[in-house]
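> Here is a sequence together with a model predicted from it:
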Amino acid sequence: DQQVKQNSPSLSVQEGRISILNCDYTNSMFDYFLWYKKYPAEGPTFLISISSIKDKNEDGRFTVFLNKSAKHLSLHIVPSQPGDSAVYFCAANENRDDKIIFGKGTRLHILP
Amino acid sequence: DAGVIQSPRHEVTEMGQEVTLRCKPISGHDYLFWYRQTMMRGLELLIYFNNNVPIDDSGMPEDRFSAKMPNASFSTLKIQPSEPRDSAVYFCASSLAMVVQPQHFGDGTRLSIL
């Protein structure tokens, strides 16, 4: 059973508009969440994270929102740029554990 | 600064052969992780080490897979004998020794078993 779910395999967004990537989790013990970005033929790179004591974290064009009651988080990218075209992985961690659990990823296409 | 270095980048071999994937973590990182990425299962953790000691190998699919970390700067993932269903991209990642730190990934090894 997948503990971290990214239900949209792909998403297309016009350049300049907002991209919203969604992630759901099932384990209520998760208390730290991360987003990674992956380009083809490269490894994933860390993008942004959020602790469960917050409901929002912002870094430039990237904002992550956490809704603990719904066990849902989202990544907002605004404005979307061509270089944002990549696969985005949501990941979660349970504080007592050193490992993080990844979702299957969402492929984002930024259209010109 | 050098990132996580994996070799080879690509490996094509016949079923039944032994495959060895190599990883050099970032210097000073105490955690090392091996992942496998497939279309069906996404990015799944196989095993991770802390200070060269295997901590959790529950993700290793079966006894054909083994991993070692003989020292802080080198780790191997071995598959013997290899099977076509092992075809995937294998990533190594490392992180600092704190509760949760972003993991730094290598560029992966694309493995094809014919």
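Yes, it's here. Numbers count the residues shown, from 1 in each chain, chains lettered A, B, ... in the order given.
> other SSEs contacting the least confident helix or strand in chain A by mean pLDDT?
The least trusted helix or strand in chain A, going by mean pLDDT, DSSP states H and E, turns out to be strand A:100-102, with a mean of 92. Here strand A:100-102 touches strand A:30-38, strand A:86-94, strand B:42-50, going by 3 or more Cβ pairs under 8 Å, 6 or more residues apart in numbering or on different chains; DSSP states H and E. Every residue, glycine included, has its C-beta placed from N, CA and C.
> run the last query once more with 7 Å
Where contact means 3 or more Cβ pairs under 7 Å, 6 or more residues apart in numbering or on different chains; DSSP states H and E, strand A:100-102 is packed against strand A:86-94.
> Show me the contact partners of the strand it packs on.
With contact meaning Cβ atoms under 7 Å, 6 or more residues apart in numbering or on different chains, strand A:86-94 is reached by A:4, A:6, A:21, A:23, A:25, A:27, A:29-39, A:44, A:73, A:75, A:100-103, A:105-108, B:43, B:100.
> So for stretch B:86-98, mean pLDDT?
For stretch B:86-98, the mean pLDDT works out to 91.
> How far off centre is it?
Stretch B:86-98 sits 5 Å away from the centroid of its parent chain (Cα atoms, centre = their mean, to the nearest Å).
> So it, near chain A or not?
Yes - Stretch B:86-98 comes into contact with chain A (Cβ under 7 Å from any Cβ of the partner chain), by way of residue B:91.
> circling back to that earlier point, quick check: neighbours of the least confident helix or strand of chain A in the sheet, parallel or antiparallel?
Note on strand A:100-102: by DSSP bridges, its sheet partners are strand A:86-94 (antiparallel).
> got the angle between the partner strand and strand A:30-38?
Going by axes from the mean of the first three to the mean of the last three Cα atoms, to 10 degrees, strand A:86-94 is angled at 160 degrees with respect to strand A:30-38.
> Run the chain-centre distance for strand A:86-94.
What separates the centre of strand A:86-94 from the centre of its chain is 5 Å, taken as Cα atoms, centre = their mean.
> tell me the angle of it relative to strand B:42-50?
Computed by the same axes, to 10 degrees, the angle between strand A:86-94 and strand B:42-50 is 50 degrees.
> neighbours of residue A:36, just the number please.
By other Cβ atoms under 10 Å in any protein chain shown, 26 other residues sit near residue A:36.
> That one: what's it in contact with?
Applying Cβ under 7 Å, 6+ apart, we find residue A:36 in contact with A:44, A:45, A:46, A:47, A:89, A:91.
> Looking at those residues, spot the one nearest residue B:29.
residue A:46 (13.3 Å; Cβ to Cβ).
> Within range of chain B, give me the residues from chain A.
Residues of chain A lying close to chain B by Cβ under 7 Å from any Cβ are A:32, A:34, A:41-44, A:46, A:89, A:93, A:95, A:98-99, A:102-105.
> among those, who's most crowded?
Ranked by the number of neighbours (other Cβ under 10 Å), these place residue A:44 first, at 28 neighbours.
> ok, residue B:73 - how many residues close by?
As a burial measure, residue B:73 scores 15 neighbours (other Cβ under 10 Å).
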